[in-house]
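*Asks:* Pasting the sequence and the predicted coordinates here, then a few questions.
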Amino acid sequence: MLTLDHTMMRVEDLEASLSWYQDYLDYEEKGRWEADTFTNVFLGPEDVHEEGALLELTYNHDGRSYTHGDAWGHIAVRVEDVYDAYEELMDAGVEDYRDPDSCGGSYAFVKDPDGHEVEIVERDHGAKWSLDHTMLRVEDADQAIGWYTRKLDYEMFRRSEHSSFALYFLKPRDAADEAMSVELTYNYDGRSYDMGDAWGHVAVRTEDLNDTWEALMQRNAEDYRDPESCDDRYAFTKTPQGHEVEIVRE
């Protein structure tokens with residue numbers, strides 16, 4: 001089962017980003033990788049579920065800046081009551097972006113210091129502020145759904161059809177409720193999207209990297225960065241839309 005392991009975002013000021021997620025969402029550092037040219041930090045709630053996903057912040061040491069594009073939408077975090085959670089964030093000093101009333105009372109949005117959108121959703125499962133889903137925009141819904149179901153053996157467990165767009169939620173078969181899902185957003189107007197570079201990838205975890213890679217190749221997934229090119233520590237493929245998907249060892 002290829003459970004979603006993390007979502008990676010690039011940040012321009014690591015300390016500011018760490019402070020934001022630690023101070024406002026009570027995240028704690030779960031792991032860190034210091035390299036010569038970059039730093040990766042993994043964050044999540046103290047009591048994150050064993051199938052829960054983490055947030056990876058990537059900081060490049062060369063001082064570069066990033067563009068968001070629009071092919072990536074947001075991460076979403078879980079709370080029991082969206083009004084109470086939004087008020088808590090406002091009282092703590094988070095900037096008001098999209099309050100619950102402006103979103104029909106069922107969700108809300110804030111932004112982190114780098115402009116990444118964070119949705120707040122009501123759930124009756126999972127630790128407070130734990131990652132619920134990552135939203136990706138796609139140009140061909142049938143193709144995108146087919147990719148996740150055939151390549152990763154995911155299943156659609158929720159869908160929402162509207163007058164101008166549709167939302168499709170997918171995650172591994174038999175995954176825990178607390179596992180993160182991908183939300184595919186399809187707009188009916190035929191627009192195209194720009195990846196930008198402020199978002200990096202979503203990652204799935206596997207017990208056997210090489211066996212999983214071989215299965216992906218047999219299913220005609222894109223051979224983007226194979227295990228050997230990544231020192232047999234991880235690998236990358238891409239969806240038809242161009243979103244990068246990392247495969248990591250458990």
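*Replies:* Looks like it arrived, so ask away.

*Asks:* Backbone dihedrals for the residue nearest to residue 165 when sequence neighbours are not counted, please?
*Replies:* Ranked by CB to CB, 6 or more residues apart in numbering and with sequence neighbours excluded, the top spatial neighbour of residue 165 is residue 187, at 4.7 Å. All C-beta atoms are positioned from the backbone trio N, CA, C, and that covers glycine. In terms of degrees, to the nearest 10, the main-chain angles of residue 187 are phi -90, psi 140.

*Asks:* Could you report the neighbour count for residue 187?
*Replies:* 15 (other CB atoms under 10 Å).

*Asks:* residues in contact with it?
*Replies:* 137, 164-165 (CB atoms under 8 Å, 6 or more residues apart in numbering).

*Asks:* Quick check: ChimeraX command selecting the buried ones in those residues.
*Replies:* In ChimeraX, this line selects whichever of the contacts of residue 187 come out buried by 16 or more other CB atoms under 10 Å:
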select :137
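
*Asks:* Show me where this protein has its helices.
*Replies:* Secondary structure of the chain (DSSP state H): helices located at 14-24, 82-92, 141-151, 209-218.

*Asks:* packing partners for the second one?
*Replies:* This points to helix 82-92. helix 14-24, strand 107-111, strand 117-122 (3 or more CB pairs under 8 Å, 6 or more residues apart in numbering; DSSP states H and E).

*Asks:* Using a markdown table, lay out the helices of the chain together with mean pLDDT, mean neighbour count and distance to residue 34.
*Replies:* Converted to a markdown table, those look like this (pLDDT from 0 to 100; neighbours: other CB atoms under 10 Å; distance: least, CB to CB, whole Å):
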| stretch | mean pLDDT | mean neighbour count | distance to residue 34 |
| --- | --- | --- | --- |
| helix 14-24 | 98 | 16 | 11 |
| helix 82-92 | 98 | 16 | 29 |
| helix 141-151 | 98 | 17 | 32 |
| helix 209-218 | 97 | 16 | 23 |
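
*Asks:* Please identify which of those helices is closest to residue 239.
*Replies:* When the helices of the chain are compared by CB to CB, helix 141-151 sits nearest residue 239, at 5.3 Å.

*Asks:* In terms of secondary structure, what does the closest one contact?
*Replies:* strand 154-161, strand 165-172, strand 181-187.

*Asks:* For the closest residue to residue 205 other than its chain neighbours, give me its contacts.
*Replies:* Computed as CB to CB, 6+ apart, the closest residue to residue 205 that is not its neighbour in sequence is residue 5, at 4.1 Å. By CB under 8 Å, 6+ apart, residue 5 lies in contact with 53-54, 203-205, 246, 248.

*Asks:* again, but for residue 71
*Replies:* 136-137, 193-196, 199, 241-243.

*Asks:* Apart from its chain neighbours, what residue comes closest to it?
*Replies:* residue 193 (3.8 Å).

*Asks:* still on that earlier bit, tell me the most buried of the helices and strands packed on helix 141-151?
*Replies:* strand 181-187 (a mean of 21; mean count of other CB atoms under 10 Å).

*Asks:* tally of neighbours for residue 54?
*Replies:* Count around residue 54 with other CB under 10 Å applied: 22.

*Asks:* and if you look at residue 247?
*Replies:* For residue 247, using other CB under 10 Å, the count is 25.

*Asks:* Go ahead and confirm residue 135 touches residue 180.
*Replies:* No - using CB atoms under 8 Å, residue 135 is not in contact with residue 180, being 11.2 Å away.

*Asks:* Pick out whichever of those two has more residues nearby.
*Replies:* residue 180 (27 against 18).

*Asks:* ok, now which ones touch that one?
*Replies:* 4, 7, 52-53, 131-134, 171.

*Asks:* same thing but 6 Å
*Replies:* 4, 53, 131, 133 (CB atoms under 6 Å, 6 or more residues apart in numbering).

*Asks:* which residue sits closest to it, ignoring its sequence neighbours?
*Replies:* residue 53 (3.6 Å).
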